[in-house]
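Trainee: Below is the structure, and that's it, no one-letter string:
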């Protein structure tokens, strides 16, 4: 099989890496890809932007692709899967209509309220002063979200009234997230612990993946502004396996059924970002694709051929395959550029990557999230630069491998959290 992966980040690196391991896959093309993906023998990066829908479809036709896997939310929301399908190319991912579950927080909230899917109470606004007045009435803590796509950074958890009002000024007044902030969704603050459960969906059948826990704030102890994710781990031992069954029954399956009731057939990955409250799990957000960096710890644990899973989803035959997972633990630490998620510099030379394989073998793998090449060297090209994934028999061993590997890698201004996975380890010691 010849497979095209669309995207350039750590999630797409993990997808290409996993696909390349499949005996059914001869070639993996990645548009546009990154320098880490280019080091995988079966992979070839092609210089096509992930939002250039016409060029992606043309390339897929010319190369007679057997499958296209769309990684990021932006091309999904722009209708790339629709365009590929219309051209006869099998594509993994939701349609433009289905991707609204992520592209519009208001769409998702309305759907959940209408179909009694557990989530935080909310209101949405297109007028700045009306949003502020609502916040003054509700008080703090409260959550302010840009309605549209904001690369995982469009959520501000305001612990004080002043922070909440300032958040509205930044999102709507200063347009720090561009058009994504022309509408804001303001939500009730939920107390509890967060967890991510992603599921494969074929339009009717839902098959959950193993749980993961992301760390959104930029600094240790969950301090500082939210990011796209500073690290993650799997499994999440503080939650029982029965939680996954509960989430499928009360949240994910009802959401797929609700979309179907609206005439939308959802196929691909449905990501549920959850808060486990005293009243049970509630939805913080839905994503219409694999999470990043959750994919970097979930896919390494997948033992079933990934091509078989993708094919079953596309063909609506998910109920006929068994999806198995490794008992290993995985921990991924994000190495970010100094200043991220605010202003940061690009073009910093990265050294030490070649030592990782030699020192750690299969126990550590480095996923490239924001890198490029310049004058023959790999340099930083994004806020989240690398994801250092450790794998072990348990979380403690996986975490040790990841943190032991990090000092081998260097670039100016590198920043990472030192507490990724500790919450899970404390629950098994």
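Mentor: Arrived safely, thanks for sending. Keep in mind it's a predicted model, so treat the numbers as computed, not measured.

Trainee: Look at the residue nearest the centre of the chain and give its secondary structure.
Mentor: Among the residues of the chain, residue 291 comes closest to the average C-alpha position under C-alpha atoms, centre = their mean, at 1.8 Å. Using DSSP: H, G, I helix; E, B strand; the rest coil as the criterion, the local structure at residue 291 reads coil.

Trainee: Apart from its neighbours in sequence, what residue is nearest it?
Mentor: Spatial nearest neighbour of residue 291, chain neighbours left out: residue 271 (5.0 Å); criterion: C-beta to C-beta, 6 or more residues apart in numbering. No exception for glycine: its C-beta is placed from N, CA and C like everyone else's.

Trainee: wait, the one you found sits on residue 295?
Mentor: No: if you go by C-beta atoms under 8 Å, residue 271 and residue 295 don't touch, sitting 9.5 Å apart.

Trainee: When these two are compared, which one has more neighbours?
Mentor: Relative neighbour count places residue 295 above the other of residue 271 and residue 295, with 29 against 24, counting by other C-beta atoms under 10 Å.

Trainee: quick one, what contacts the more buried one?
Mentor: Neighbouring residues of residue 295 by C-beta atoms under 8 Å, 6 or more residues apart in numbering: 10-11, 14-15.

Trainee: Which phi and psi values does it adopt?
Mentor: According to degrees, to the nearest 10, the main-chain angles of residue 295 amount to phi -60, psi -30.

Trainee: Tell me how far it lies from residue 13.
Mentor: As judged by C-beta to C-beta, to the nearest Å, residue 295 and residue 13 stand 9 Å apart.

Trainee: How about residue 241?
Mentor: The spacing between residue 241 and residue 13, counted by C-beta to C-beta, is 29 Å.

Trainee: what sits against the residue nearest to the centre of the chain?
Mentor: Going by C-beta under 8 Å, 6+ apart, the list of residues near residue 291 reads 11, 196, 198, 212, 214, 229, 232, 271, 273, 298.

Trainee: Then the second one would be within a strand, right?
Mentor: Which is residue 196. Yes: the assignment for residue 196 is a strand, going by three-state DSSP.

Trainee: Test my guess that it contacts residue 209.
Mentor: No: with contact defined as C-beta under 8 Å, residue 196 does not count as touching residue 209 (9.1 Å).

Trainee: can you map out the strands along the stretch 201-350 of the chain?
Mentor: Here the stretch 201-350 of the chain has its strands, by DSSP state E, counting those that start in this stretch, at 206-208, 213-214, 217-219, 223-226, 231-234, 267-277, 280-287, 329-336.

Trainee: And for residue 418, nearest residue in space, chain neighbours not counted?
Mentor: Excluding its sequence neighbours, the residue lying closest to residue 418 (C-beta to C-beta, 6+ apart) is residue 220, at 5.7 Å.

Trainee: err, residue 117, not the other one
Mentor: Nearest non-adjacent residue to residue 117, counting by C-beta to C-beta, 6+ apart: residue 254, 5.3 Å away.

Trainee: Need the pLDDT of the one you found.
Mentor: According to the prediction, residue 254 has pLDDT 98.

Trainee: Contact partners for the residue nearest to residue 121 when sequence neighbours are not counted?
Mentor: Distances taken as C-beta to C-beta, 6+ apart put residue 188 closest to residue 121, at 4.3 Å, once the chain neighbours are dropped. Residue 188 makes contact with 120-122, 138, 142-143, according to C-beta under 8 Å, 6+ apart.

Trainee: and which of the residues you listed is nearest to residue 308?
Mentor: Closest approach between the contacts of residue 188 and residue 308, by C-beta to C-beta: residue 120, at 36.9 Å.

Trainee: what would the contacts of residue 291 look like in TSV with distance to residue 261 and pLDDT?
Mentor: Shown next, in TSV, are those (distance: C-beta to C-beta, whole Å; pLDDT from 0 to 100):
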residue	distance to residue 261	pLDDT
11	30	98
196	25	97
198	22	98
212	29	98
214	30	95
229	32	93
232	33	98
271	21	98
273	23	95
298	29	98
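
Trainee: who wins for neighbours among these?
Mentor: Sorting the contacts of residue 291 by how many neighbours each has (other C-beta under 10 Å) puts residue 232 first, at 28 neighbours.

Trainee: who does that one bridge with?
Mentor: Beta bridges link residue 232 to residue 214, residue 332, judged by DSSP bridges.

Trainee: That one: what's it in contact with?
Mentor: Residues in contact with residue 232 (C-beta under 8 Å, 6+ apart) are 196, 212-215, 291, 293-294, 296-297, 331-332, 420.

Trainee: Show me which of those is closest to residue 307.
Mentor: Ranked by distance to residue 307 (C-beta to C-beta), the contacts of residue 232 are led by residue 296 at 19.3 Å.

Trainee: For the closest one, which non-adjacent residue is closest in space?
Mentor: Distances taken as C-beta to C-beta, 6+ apart put residue 332 closest to residue 296, at 4.4 Å, once the chain neighbours are dropped.

Trainee: That neighbour and residue 388 touch, don't they?
Mentor: Yes: between residue 332 and residue 388 there is a contact at 6.8 Å, judged by C-beta under 8 Å.

Trainee: Now for the two: what residues contact both?
Mentor: Taking C-beta under 8 Å, 6+ apart as the contact rule, residue 332 and residue 388 both touch residue 402.

Trainee: hey, where'd the strands end up in the stretch 1-150 of the chain?
Mentor: Going by DSSP E, counting those that start in this stretch, the stretch 1-150 of the chain shows strands at 2-7, 27-32, 43-45, 67-70, 91-92, 122-125, 142-146.
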